[in-house]
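Enquirer: what follows is a protein structure lacking sequence information:
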């Protein structure tokens with residue numbers, strides 16, 4: 001299995017940095033189009049443009065790094081790093097590959113849960129939009145393109161099934177450390193999503209104030 005294994009933690013990377021960089025082309029194109037409409041006298045608009053451009057590119061790069069981190073499976077549950085969504089095994093009913101979802105293109109690895117809407121609790125902005133979109137289209141909060149996983153989806157499913165069937169792990173310092181890292185990662189991801197929202201507003205205002 002082409003994954004990184006550390007103790008009881010298994011990390012499955014997703015895609016690659018080359019493909020992730022492609023997602024930065026959209027904010028770069030938006031910034032360029034707005035740039036063409038600015039003049040040297042639009043000082044305030046220039047400030048907003050710089051804030052918007054830097055914010056969109058940096059937050060986009062951070063999001064791409066999270067996306068490449070893919071999935072982490074441990075004794076506690078599964079984490080999707082794009083939005084830092086953690087789901088404990090007690091809530092997971094199945095992992096399956098579904099190629100029959102309308103409009104989804106290539107087959108997706110989908111994480112089914114007892115209550116998909118629970119994944120939306122406390123989520124805002126882009127993270128909520130992405131998770132909600134998965135629930136509507138795939139009936140599961142986590143859905144990733146199977147062919148972009150660093151390991152065959154069947155192997156990921158086999159590992160998940162083994163971890164799901166294992167007895168509940170007792171509280172240990174290592175487990176407490178994992179929970180702390182997950183909480184911190186989710187909080188930081190929320191900050192970056194907020195920064196992206198601010199950047200979008202700044203870019204829009206740079207157009208309205210020129």
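Expert: Happy to help now that I have it. Every value quoted in this text rests on a predicted model; they were computed, and no experiment measured them.
Enquirer: what's the closest non-adjacent residue to residue 140?
Expert: In space, not counting the residues next to it along the chain, residue 140 is nearest to residue 110; the distance is 4.4 Å by Cβ to Cβ, 6 or more residues apart in numbering. Any C-beta I mention is one placed from the backbone N, CA and C, and that applies to glycine too.
Enquirer: list the contacts of that neighbour.
Expert: Taking Cβ atoms under 8 Å, 6 or more residues apart in numbering, we find residue 110 in contact with 95-98, 138-140, 142-143.
Enquirer: going by distance to residue 161, which of those residues wins?
Expert: residue 95 (7.5 Å; Cβ to Cβ).
Enquirer: and the closest one, what are its bridge partners?
Expert: residue 111 (DSSP bridges).
Enquirer: so it makes contact with residue 157?
Expert: Yes. Under the contact definition of Cβ atoms under 8 Å, residue 95 touches residue 157, with a separation of 4.7 Å.
Enquirer: looking at those two now, which is surrounded by more residues?
Expert: Shown here are residue 95 and residue 157; by other Cβ atoms under 10 Å, residue 95 has more neighbours (23 against 15).
Enquirer: how close does that one sit to residue 138?
Expert: Per Cβ to Cβ, to the nearest Å, residue 95 is found 12 Å from residue 138.
Enquirer: what is the strand or helix carrying residue 63 packed up against?
Expert: Element membership for residue 63, per DSSP states H and E: helix 43-69. Helices and strands touching helix 43-69, by 3 or more Cβ pairs under 8 Å, 6 or more residues apart in numbering; DSSP states H and E, are helix 17-21, helix 25-36, helix 173-208.
Enquirer: ok, now which ones touch residue 172?
Expert: Contacts here follow Cβ under 8 Å, 6+ apart; on that basis residue 172 touches nothing.
Enquirer: correction: residue 175
Expert: Shown in contact with residue 175 (Cβ under 8 Å, 6+ apart): 75-76, 169.
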